[in-house]
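*Asks:* Okay, here's the prediction I keep looking at, along with the sequence it came from:
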Number of protein chains: 2
Amino acid sequence: MRLATLADGTRDGALIVVSEDGARFLPAGATMQHAVEDWAAMEPVLRDLPARLAAGGGDRLDIASLLAPLPRAWQWLDGSAFPTHGELMQRAFNSPPHTGDRPLMYQGMSHRFLSPTEDVPLPREEDGIDFEGEFGIIIGDVPMGCTAQAAMAHIRLIVLINDWSLRTIAPVEMKTGFGWVQAKPACSMAPFAVTPDVLGDAWRDGRVCLPLTVEVNGRWFGHPNGAAMAHGFHDLIAHAAHTRDLPAGTIIGSGTVSNADHAQVGSTCMSERRAIEMIDHGAPQTPFLSFGDRVSMTAGPFGSIDQRITACPTPA
Amino acid sequence: MRLATLADGTRDGALIVVSEDGARFLPAGATMQHAVEDWAAMEPVLRDLPARLAAGGGDRLDIASLLAPLPRAWQWLDGSAFPTHGELMQRAFNSPPHTGDRPLMYQGMSHRFLSPTEDVPLPREEDGIDFEGEFGIIIGDVPMGCTAQAAMAHIRLIVLINDWSLRTIAPVEMKTGFGWVQAKPACSMAPFAVTPDVLGDAWRDGRVCLPLTVEVNGRWFGHPNGAAMAHGFHDLIAHAAHTRDLPAGTIIGSGTVSNADHAQVGSTCMSERRAIEMIDHGAPQTPFLSFGDRVSMTAGPFGSIDQRITACPTPA
């Protein structure tokens, strides 16, 4: 089942069920937040709609009319589960080494996820504008102390995320040990949130085993595969729930998708490509993004993010 | 004006206006989140109620019936604005040094703030259970790029917070540069959120110039003053808004209140007292908290937090 959220003038939008080809939709009569909070009651209602869509029912879907599938969330916890990415950043830029079995995770801004096509307002080009292609999950209520094994059953939906990042600020904030605030503005989400069954064999051991393709200004940037997570999403849930309940609608991210054969498959963030250039040539060569640049991301059944970076107007 | 939130079976509770002596209340017909989202319309309505309370109107208030004034928020950004605290932690425990003018800030769990009197469920005593006494603000909508000067006008309410912290986990998470997830479970809030005018002369330059008194199991622990912030709350807002809009209802914390004359006024967290013991005697002497211990905090017109720590039941 493929879900999306239609802009309707409210902050939460209107949940819709989308046909397999992404062309048509039927309204679900709820918000995404309501659906994940009351999944046991809502899922059967939602699962009735794809048959009606397959029979030709519903309206034509315009991607430009969509918000993020979950336009705001009570919590966004972003992991960094691809070891190749961490190793490259450490070798090139002396990022803190990560040893041991603990997943890496930070809490980011969750009150607004940008739609797949809206402009991305940022204050300054000199902050080092970059993207991060990631997979993410939207979960139901998870109690404190939930095990990784039990966590798998709480995964409701899978999404594709661009975690916009500001690389001049990031290392300054990392050095404090407090994590990122300014370095992590609002993320963007691809149009469709899908239930795990939609992925079929590509959903294995809590991992999205699909390539995530990134283009910058229409040119290929990378297509590494989500299978290479050191910890599956169920492990990330258990890590996050060690000392807190997680509310329905919590979004958990994989971190930048990254593969050991990056020379072939490329990267899903500029900072990683710059790290590889640093290691190979002694200095980064690829510049960060400028206002007017476009970044697109696509993977499997999630649809595409395609956005342009713009200068944020100075407030009055 | 003094606001609180009555438990009513919903996640957001029911906003009330409380009399000056904290003894009586009138319902506001809204939630706290609605009030801060629509402050221009709501404030005059709310400001009519104190006169009715002063004339003997309203019902008797039972503190045990209250939730946190804002029981959940879209965002909780916690600063660390008291230089004495940072210096002590660095001298004793080699915490990362903080140089320069940037405020320190992390994003913490915001989907649940505990009520002033409910038990605090935590999984393990060996995680190093500690408290942090802080002042905080609740703001209206703030646009990206807001200056510190303009930020002052967005401060709607001031609150008193206990930022529960797990000290065995904290340094492990700090070393990654990603900040805290497991080390920062749900915070607690004192009963009353107050408008700045209630503080009178004690609200100066974006600082709460009042002592914050902490007791552990009924014994004095400290009463340092909130005036000693290196950055005022307006500066913290501007820092947070550098690369993001801040939604109405965002809560921003001062960090552990701490004064240079800590030998006289004590501390508002155990970790700081342990740091002082480390510096003075070569080893910490005060143990962290155990299940069953009580922590209370009070300051000015905010009322008191008084809670007991309990073992979190293992989920089924």
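*Replies:* Received the coordinates, thanks.
*Asks:* quick one, helices of the stretch 101-250 of chain A?
*Replies:* Taking DSSP state H, counting those that start in this stretch as the criterion, the stretch 101-250 of chain A carries its helices at A:148-151, A:170-176, A:196-199, A:233-240.
*Asks:* From residue B:198, how far out is the residue in the stretch 51-200 of chain A that chain B sits nearest to?
*Replies:* When distances are taken as C-beta to the nearest C-beta, the stretch 51-200 of chain A reaches nearest to chain B at residue A:179, 2.1 Å away. All C-beta spots, glycine's among them, are computed from the backbone N, C-alpha and C. Separation of residue A:179 from residue B:198 (C-beta to C-beta, to the nearest Å): 33 Å.
*Asks:* on that earlier part again, test my guess that the residue of the stretch 51-200 of chain A closest to chain B contacts residue B:183.
*Replies:* No. With contacts counted by C-beta atoms under 8 Å, residue A:179 stays clear of residue B:183, the gap being 11.0 Å.
*Asks:* Point out the residues in the stretch 201-316 of chain A that sit beside chain B.
*Replies:* Proximity of the stretch 201-316 of chain A to chain B (C-beta under 8 Å from any C-beta of the partner chain) is limited to residues A:239-240, A:242-245, A:247, A:250, A:312, A:314-315.
*Asks:* Which two of the residues you listed have the greatest separation?
*Replies:* A:242 and A:314 (41.8 Å; C-beta to C-beta).
*Asks:* Those two - which one has more neighbours?
*Replies:* For residue A:242 versus residue A:314, the count of surrounding residues by other C-beta atoms under 10 Å in any protein chain shown is larger for residue A:242: 19 against 11.
*Asks:* Give me the spatial nearest neighbour of that one, chain neighbours excluded.
*Replies:* Spatial nearest neighbour of residue A:242, excluding adjacent residues (C-beta to C-beta, 6 or more residues apart in numbering or on different chains): residue B:182 at 4.7 Å.
*Asks:* And the one you found, its phi and psi?
*Replies:* When read as degrees, to the nearest 10, the backbone of residue B:182 gives phi -70, psi -30.
*Asks:* Just give the number of residues close to it.
*Replies:* Neighbours of residue B:182 under the rule other C-beta under 10 Å: 21.
*Asks:* Distance to residue A:305 added to the residues of the stretch 201-316 of chain A next to chain B, as TSV?
*Replies:* Output for those, formatted as TSV (distance: C-beta to C-beta, whole Å):
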residue	distance to residue A:305
A:239	27
A:240	24
A:242	31
A:243	33
A:244	29
A:245	31
A:247	25
A:250	21
A:312	19
A:314	27
A:315	27
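*Asks:* Including pLDDT, could the residues you listed go into a markdown table?
*Replies:* Formatted as a markdown table, these follow (pLDDT from 0 to 100):
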| residue | pLDDT |
| --- | --- |
| A:239 | 98 |
| A:240 | 98 |
| A:242 | 96 |
| A:243 | 97 |
| A:244 | 98 |
| A:245 | 97 |
| A:247 | 98 |
| A:250 | 98 |
| A:312 | 92 |
| A:314 | 81 |
| A:315 | 81 |
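*Asks:* out of those residues, which are buried?
*Replies:* Neighbour-count burial (16 or more other C-beta atoms under 10 Å in any protein chain shown) applied to these gives A:239-240, A:242-245, A:247, A:250, A:312.
*Asks:* beta partners of residue A:189?
*Replies:* When bridges are called by DSSP bridges, residue A:189 pairs up with residue A:161.
*Asks:* Give me the pLDDT value at it.
*Replies:* You'll see residue A:189 listed with a pLDDT of 98.
*Asks:* can you count the residues close to it?
*Replies:* Other residues close to residue A:189 by other C-beta under 10 Å number 28.
*Asks:* swap in residue A:16?
*Replies:* 26.
*Asks:* ok, now how distant is it from chain B?
*Replies:* 24 Å (C-beta to the nearest C-beta, to the nearest Å).
*Asks:* Enumerate every residue touching that residue.
*Replies:* Going by C-beta atoms under 8 Å, 6 or more residues apart in numbering or on different chains, residue A:16 touches A:3-6, A:25-28, A:61.
*Asks:* and residue A:126, what is it in contact with?
*Replies:* residue A:168.
*Asks:* What helix or strand is the residue nearest to residue A:229 when sequence neighbours are not counted located in?
*Replies:* In space, and not counting its chain neighbours, residue A:229 is closest to residue A:81: 4.1 Å by C-beta to C-beta, 6+ apart. With secondary structure defined by DSSP states H and E, residue A:81 is part of neither a helix nor a strand.
*Asks:* Quick check: residue A:81 touching residue A:256?
*Replies:* No. Applying C-beta under 8 Å as the test, residue A:81 and residue A:256 come out as separate, 9.3 Å apart.
*Asks:* roughly how far is stretch A:155-167 from the heart of the chain?
*Replies:* 1 Å (C-alpha atoms, centre = their mean, to the nearest Å).
*Asks:* and what of stretch A:191-202?
*Replies:* 14 Å.
*Asks:* Regarding it, how distant is the last residue from the first?
*Replies:* In stretch A:191-202, first residue to last residue: 19 Å (C-alpha to C-alpha, to the nearest Å).
*Asks:* and what of stretch A:127-147?
*Replies:* By C-alpha to C-alpha, the extent of stretch A:127-147 from end to end equals 39 Å.
*Asks:* Buried residues, it. List them.
*Replies:* Neighbour-count burial for stretch A:127-147 flags A:127-140, A:142-146 (criterion: 16+ other C-beta under 10 Å).
*Asks:* what's the answer for stretch A:210-217, then?
*Replies:* A:210-216.
*Asks:* What mean pLDDT does that stretch get?
*Replies:* 98.
*Asks:* In contact with the closest residue to residue A:59 other than its chain neighbours, which residues?
*Replies:* Excluding the flanking residues, the one nearest residue A:59 by C-beta to C-beta, 6+ apart is residue A:25, at 6.0 Å. Counting by C-beta under 8 Å, 6+ apart, residue A:25 makes contact with A:4, A:6, A:16-19, A:53, A:58-59, A:61.
*Asks:* any chance you could map the strands in the stretch 151-300 of chain A?
*Replies:* Under the criterion DSSP state E, counting those that start in this stretch, strands of the stretch 151-300 of chain A are mapped to A:155-162, A:165-166, A:188-189, A:193-194, A:203-204, A:207-208, A:213-216, A:219-222, A:251-253, A:294-298.
*Asks:* Check whether the host helix or strand of residue A:84 comes near chain B.
*Replies:* Per DSSP H and E, residue A:84 falls inside helix A:83-93. No. Remark: helix A:83-93 sits outside contact range of chain B, by C-beta under 8 Å from any C-beta, the gap being at least 9.8 Å.
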